[in-house]
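S.K.: Could you work out the structure for the sequence below:
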Amino acid sequence: MEYPALFSPDLEKGGFVVTFPDFGWGVTQGDSAQEAMEMAADLLHILIADRIEKQEALPRIQKRRRARYRLVRLPALEAAKALLYSEWLRSGIRKAELARRMGIPKSNIDRLFDLRHRSRLDHIDAAFRALHKELPISVRNAA
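M.R.: Okay, the predicted model is just below:
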């Protein structure tokens, strides 16, 4: 799961100002491109966690083609949780129903969606299966 971030040069202070147009709010900055990317990753985590907490849909990822856009991705476990949350929301079932299908307490479902909680991958996989979905795992060359 990766979203395009707009890296705009900060002409007054130097460095970069970073925004995520797909979310419509949130801004961060960094004194270097690397620091701006690290800050952007933190901001993306916050933006997605906020949507999950409010039970709002995650925005569709729009392709951006200008050179000032860079893709910012969530770590693998957080990406799996965000994808699980999106699939659950799309399914239209209640958390209690998902918990029933998985044979776990309803309170555990909130932990599966919480980006800060260190859920086990087998639990996330079980939740996808309860939604009649599959969590694909793949490896690709790093950029």
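S.K.: Checking G14 next. Helix, strand or coil?
M.R.: coil (DSSP: H, G, I helix; E, B strand; the rest coil).
S.K.: Sorry, wrong one. I was asking about L44.
M.R.: Under three-state DSSP, L44 comes out as helix.
S.K.: And E78, by the same measure?
M.R.: helix.
S.K.: my read: it touches D114, true?
M.R.: No - assessed by CB atoms under 8 Å, E78 is found out of contact with D114, at 9.9 Å. Glycine gets a C-beta too; all of them are placed from N, C-alpha and C.
S.K.: The two: who's more crowded?
M.R.: E78 (19 against 16; other CB atoms under 10 Å).
S.K.: Longest strand in the chain, please.
M.R.: Counting by DSSP state E, the longest strand found in the chain is strand 2-9.
S.K.: helices and strands around whatever helix or strand comes next after that one, which ones?
M.R.: Per DSSP states H and E, the first helix or strand lying C-terminal to strand 2-9 is strand 16-19. Strand 16-19 sits against strand 2-9, strand 27-30, helix 33-53, with contacts defined as 3 or more CB pairs under 8 Å, 6 or more residues apart in numbering; DSSP states H and E.
S.K.: how's this structure carved up into domains?
M.R.: 2-73, 76-130 (automatic domain parsing).
S.K.: which intervals of the chain have sub-threshold pLDDT?
M.R.: 143 (pLDDT under 70).
S.K.: any idea how far G14 lies from L71?
M.R.: 23 Å (CB to CB, to the nearest Å).
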